[in-house]
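> sequence and predicted structure are below.
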Amino acid sequence: MKQQKKGTNGQCLNAMGWISLLQVILLLVSIFVLSCKRENLDYTFDYRPNPDAQKASNTRLVNLSENAQLIANGDSLTNFFVPPQRSGYIPPEELTPPGTRYFPKDGRLGQSWTVPQDLFQTDGTVRFRTTFVPIPTKTIASHDVEFTVRDSYDAPKDYYLLINHESRVQKPDRLVEVPRSVTAPKRPDHFKIRIINFAKKLMPTSSMEDITGPITLTYADGTPLATAQQGLQAMLGLIMWNCLMVPISLNC
C-alpha cells in the first residue's frame, strides 16, 4: 500500500515538472514573440511626400512655342489631353483638361515653369522632351525637342523654347540656354531688367519687317536711357542693369 502511494506521488511530481517546463517554454516563446512585434512596430515606412524634394530648383523653362506637353526622364508630366472632336453638344467636363501633379491647373506646360528638385536624377540632370498633341482641326507649326538640363546652385539658368516661325527665319534656334541673375539691385528704389535679343535674319521670301541688328534702350518718349546701352548687339546676348522705375521701350 505504501509502495503504491509512493508511486502515485512520483507520477504527480513528474507531471508537475512537465507542467513547469511547459510554462517556462511558453514564457520564453511569449517573450520572443513580443520582442519581435516591438521591433516591427519600431520599423515603419513614411509615405508622406517630402516637401524639400518638391521645392523649386534654379532651373526654369520658358516656353515660347506651341509645345504644351512635357516628358521628364521618360515619364509624362502633362495630360496629353485631346478635346472631343464630335459634333453636337459636348458636356463641359469633357472639354476641361485634367490637372496633373506638376501642372494641377490644366495639365499643360505654360509659358514659364520652374523645375522641381525631385525631378533631378542622381547625376543632377533631367532629360526633357517637349511635344504637342496633334489635333485634326488645327495645324500646329511645331515638333519635338529633346534636351538635358543640369541644376546649379551658383548658376541659375533659363531654357527658352523657340520653335514658332522656324520657316520664316534663317538658322533658327529650338532651344536657348540663358544664365539668370538672382541678385537684388544695389539700390532699393531700383529694379533689374533683362533684355534678350532673339531676333533672327528673315528668309528672303518673308514679307515681315527685318528687325535684326543693334537695338537701343529708350524711355517712352524716345530719349535714350544711357549711352552704355546704345547699340545692344549679341543675337542671344544677356544684358542686366539697374534702371529707374519709369516706362521704357525698345527702338530697333
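Great, that's in hand. Numbers count the residues shown, from 1 in each chain.

> what about Ile193, which SS state?
strand (DSSP: H, G, I helix; E, B strand; the rest coil).

> and it, bridged to which residues?
Trp241 (DSSP bridges).

> what pLDDT does it get?
Note for Ile193: predicted pLDDT of 77.

> can you check Gln54 too?
pLDDT, Gln54: 73.

> ok, now how distant is it from Arg101?
For Gln54, the distance to Arg101 (Cβ to Cβ, to the nearest Å) stands at 9 Å. Where you see a C-beta, it was placed from the backbone N, CA and C, and this is true even at glycine.

> settle it for me: which of these two has more neighbours?
Neighbour totals were compared for Gln54 and Arg101, and Gln54 leads with 13 against 10 (other Cβ atoms under 10 Å).

> show me the contacts for that one.
Contact analysis of Gln54 by Cβ atoms under 8 Å, 6 or more residues apart in numbering lists 116-118.

> export the residues you listed as a markdown table, with columns for distance to Leu225, secondary structure and pLDDT.
Compiled in a markdown table, these are given as follows (distance: Cβ to Cβ, whole Å; DSSP: H, G, I helix; E, B strand; the rest coil; pLDDT from 0 to 100):
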| residue | distance to Leu225 | secondary structure | pLDDT |
| --- | --- | --- | --- |
| Pro116 | 37 | strand | 95 |
| Gln117 | 38 | helix | 93 |
| Asp118 | 42 | helix | 93 |
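
> among those residues, which ones are buried?
116-117 (16 or more other Cβ atoms under 10 Å).

> wait, Phe132 touches Glu66, no?
Yes - Phe132 is within contact range of Glu66, at 5.6 Å (criterion: Cβ atoms under 8 Å).

> any low-confidence regions in the stretch 151-252 of the chain?
164, 226-252 (pLDDT under 70).

> swap in 90 and give it another go.
152-154, 162-174, 180-252 (pLDDT under 90).

> ok, back up a step: which one's more surrounded, Phe132 and Glu66?
Phe132 (19 against 16).

> list the contacts of that one.
If you count contacts by Cβ under 8 Å, 6+ apart, then Phe132 has 66-69, 140, 142 around it.

> turn the buried ones among those into a named PyMOL selection, would you?
Restricted to buried positions by 16+ other Cβ under 10 Å, the PyMOL selection for those reads:
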select buried, resi 66+67+68+69+142
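
> in the stretch 151-252 of the chain, which spans are strands?
All strands of the stretch 151-252 of the chain, identified by DSSP state E, counting those that start in this stretch, fall at 157-161, 175-179, 191-196, 216-219, 238-243, 248-251.

> quick check: closest non-adjacent residue to Ala155.
Pro179 (6.3 Å; Cβ to Cβ, 6 or more residues apart in numbering).

> wait, isn't the one you found in contact with Lys157?
Yes - using Cβ under 8 Å, Pro179 is in contact with Lys157, at 5.8 Å.

> neighbour count winner among these two?
Set side by side, Pro179 and Lys157 show more neighbours around Lys157, with 16 against 12, by other Cβ under 10 Å.

> where exactly do the helices run in the stretch 51-200 of the chain?
Assigned by DSSP state H, counting those that start in this stretch, the helices in the stretch 51-200 of the chain fall at 92-95.

> count of neighbours near Thr183?
Neighbours around Thr183, by other Cβ under 10 Å: 7.

> possible to save the contacts of Phe132 as a markdown table with pLDDT and distance to Tyr219?
Below are the contacts of Phe132 laid out as a markdown table (pLDDT from 0 to 100; distance: Cβ to Cβ, whole Å):
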| residue | pLDDT | distance to Tyr219 |
| --- | --- | --- |
| Glu66 | 85 | 35 |
| Asn67 | 91 | 36 |
| Ala68 | 92 | 37 |
| Gln69 | 95 | 41 |
| Ile140 | 67 | 39 |
| Ser142 | 74 | 37 |
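
> before we move on, back to that, what sits against the residue nearest to Ala155?
Pro179 touches 155-158, 238, counting by Cβ under 8 Å, 6+ apart.
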